Every structure is written in structure tokens, then in C-alpha cells.
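K.L.:
please work out how this folds:
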Amino acid sequence: MPTPGFDPLSMKLREAIQGDEKCSRIVVTLHHERVMTIPRRHFIVHLCFTSVRGLSHGPGLGRAVVSTIGHLLIIATAVAISSVPIVTTILILLSPNRSRSAVPFLIGWVVGIVLTVSIAALFASVLPTSRTDRQPDTAVAIVEIVLGVAAMLLGVLSWFRRRRSGVAATTPKWMRAEAQMGAWSALGLGFILNLRPKGVVLALAAGLTLYADAGSVRVAIIPVIIYTVVAASTVAFPIIVTAASPTRMQPRLVAAHQWMETNGGLLTSAILVVIGLLIVGMGISRL
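P.N.:
Numbering: from 1, shown residues only. Below you'll find the model as predicted:
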């Protein structure tokens, strides 16, 4: 079905040559008979802009993309502020092997984010959905509410565990091996960190949102890209900045690690509770 405002099949291009093959202007006739004369050097830019604008104004397409992105950004924020991948990134950057392990760790983290969300969306496709927009997606809403409650429980349990043990170090013992970590180990670690309970719950929530709001691969592409960029930003940013200026970043990394040791767990717990409430709200809104 052609996109309103831009129909490439009915678009007629003709150069106002008039005997001069080096004419500098192009005349564009759209299917609704509007004629524009565009400088040749601006034609490609105008064509791309018109295509994107037409795509975003397609029947329900732009609204679905915006809605999906809005819901995914909530979950991506929780993924980005998770303390474990941030602390792991800092420890890798403070280790002697950062030049060979930092980028593989980032790649593993990004690949893990995309794969877990994609697989979660595939699993969500087994849920029954309403046949019309007027009927609520009851199954999707119930699962979304359950995932929101699970995220809140994880946040509360993490907070109670931290309170019972006092101000303990956020860094688990298995993170102490970064000094000997090679490229493949870092790649695998970045991927595996997506399989933690918090990561799985958030990935399932994101996949369910993709399935319910996007509805098609065409709509899901841009939201998945934005979700991945936001979710991976707190790992990617320090790696990129450290690669550009390692000497200046050294004291900042040490200070960030000390702050995360003290406050990272509490921050993650609070974010999980808030995001869980928002996910529950999204589920209730589908009923």
C-alpha cells in the first residue's frame, strides 16, 4: 500500500534539459499534481526527507513506532543503570588488559541485549491477542503486569539483602579476574550478563512490548536500535572515552568505582521498583 505523501511508483522525474545536458535543476511532479523545481545538488536530500516524512505519516505506522519507543525507553533505562555491567566495565578499564578486553566486552553486551529482546519477542508471539483494536490484549496485559511485579520484587529483595549485609561491596568475587581476562572471555562475559535474573525480566518485558506495540518487523527495527543504544550507553560511553583519553579517565574511573561500590546496589534497587511500577501501569492500560 503506497505511503501517503510519497509514492515512488507514481512520481515522475524529468530534467528541464532543453538541449543542455548539464542542467542544474530538476522538476519533480508528485502524484497529487504538485510540481516543485529543486536544485540538482539538493534533490537527494529532499528525496530522503520526503521518504522519511511519508513513512512516519503512514496509516498508524508513525504512531506505532513512537508508542513502541516510548515504552521501550522505560525498560532500557533500567538496563542502562544496572550496577553489575557498569562496575564490570569500570574494572575492565582499570585492568592492564583493557586494550584487548574492553571492546569485546562491549560487543558481547550489545549482542546479548539484541538477542535476548528478539528471543523474548518471539516467545511473546505465542500469546493470544485481540483481533480488533477495541478489544483488550488480556493475555499480554497479564504477562506485562506479572513482569512488572517481578521487577519490583527483585528490587525490594536486592535492597533488603543489601540492608541486611550492611554497606557491602557491590563487586562480586567473580569480577576480580578482570586482570587476566582475554578478548574471548570478555566477549562471553558481556553476553552472559544479559542472562542475570534482572536482565531476563527486563528483556522479557521489552520483548513483550515489541510484540504488542510494534506488531511487525518493519515497525520494530527503529525501536530496537534506540533501545539497544540507550541500554548499552553506560557501558559504551566509558569505554569510548577511555580509549580516547586513558590518562584523564583514570582518576574518574577510580572515583566512579568507589561511588558504585557504595551506592550502585541501592540505585539499581530503586530503579527496578520504579520501572516495575511503570511496567505494571503499561499492562493495566492494555485492559
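K.L.:
mind listing the helices for the chain?
P.N.:
For the chain, applying DSSP state H gives helices covering 40-56, 61-80, 83-94, 98-124, 138-165, 183-192, 197-209, 217-244, 246-285.
K.L.:
so which of the ones you listed is the most packed in?
P.N.:
The highest mean neighbour count among the helices of the chain, using mean count of other C-beta atoms under 10 Å, belongs to helix 197-209: a mean of 25. The C-beta positions use only the backbone N, C-alpha and C, and glycine is treated the same way.
K.L.:
redo the helices of the chain as a markdown table? Include mean pLDDT.
P.N.:
Listed next are these as a markdown table, based on pLDDT from 0 to 100:
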| stretch | mean pLDDT |
| --- | --- |
| helix 40-56 | 43 |
| helix 61-80 | 85 |
| helix 83-94 | 91 |
| helix 98-124 | 94 |
| helix 138-165 | 87 |
| helix 183-192 | 92 |
| helix 197-209 | 93 |
| helix 217-244 | 93 |
| helix 246-285 | 90 |
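K.L.:
and Ile119, what is it in contact with?
P.N.:
By C-beta atoms under 8 Å, 6 or more residues apart in numbering, the residues touching Ile119 are 203, 207.
K.L.:
swap that for Ser83, sorry
P.N.:
170, 260, 264-265, 267-268.
K.L.:
check Ile239 too.
P.N.:
89, 93, 102-103, 105-106.
K.L.:
try it again with 6 Å
P.N.:
102, 106 (C-beta atoms under 6 Å, 6 or more residues apart in numbering).
K.L.:
ok, now Ile107?
P.N.:
No contacts exist for Ile107 under C-beta under 6 Å, 6+ apart.
K.L.:
quick one on the thing from earlier: which among the contacts of Ser83 gets closest to Ile226?
P.N.:
Distances from Ile226 to these, taken as C-beta to C-beta, are shortest for Thr268 (22.0 Å).
K.L.:
spatially nearest residue to the closest one, not counting backbone neighbours?
P.N.:
Ser83 (4.5 Å; C-beta to C-beta, 6 or more residues apart in numbering).
K.L.:
now stretch 144-160: how far from the chain's centre is it?
P.N.:
21 Å (C-alpha atoms, centre = their mean, to the nearest Å).
K.L.:
ok, the closest residue to Trp109 other than its chain neighbours to Gly112 distance?
P.N.:
Closest residue to Trp109 apart from its sequence neighbours, by C-beta to C-beta, 6+ apart: Gly190 at 3.8 Å. Relative to Gly112, Gly190 is positioned 6 Å away (C-beta to C-beta, to the nearest Å).
K.L.:
repeat that for Thr88.
P.N.:
In terms of C-beta to C-beta, Thr88 sits 13 Å off from Gly112.
K.L.:
next: Met249.
P.N.:
25 Å.
K.L.:
now do Tyr211
P.N.:
Distance from Tyr211 to Gly112, by C-beta to C-beta: 19 Å.
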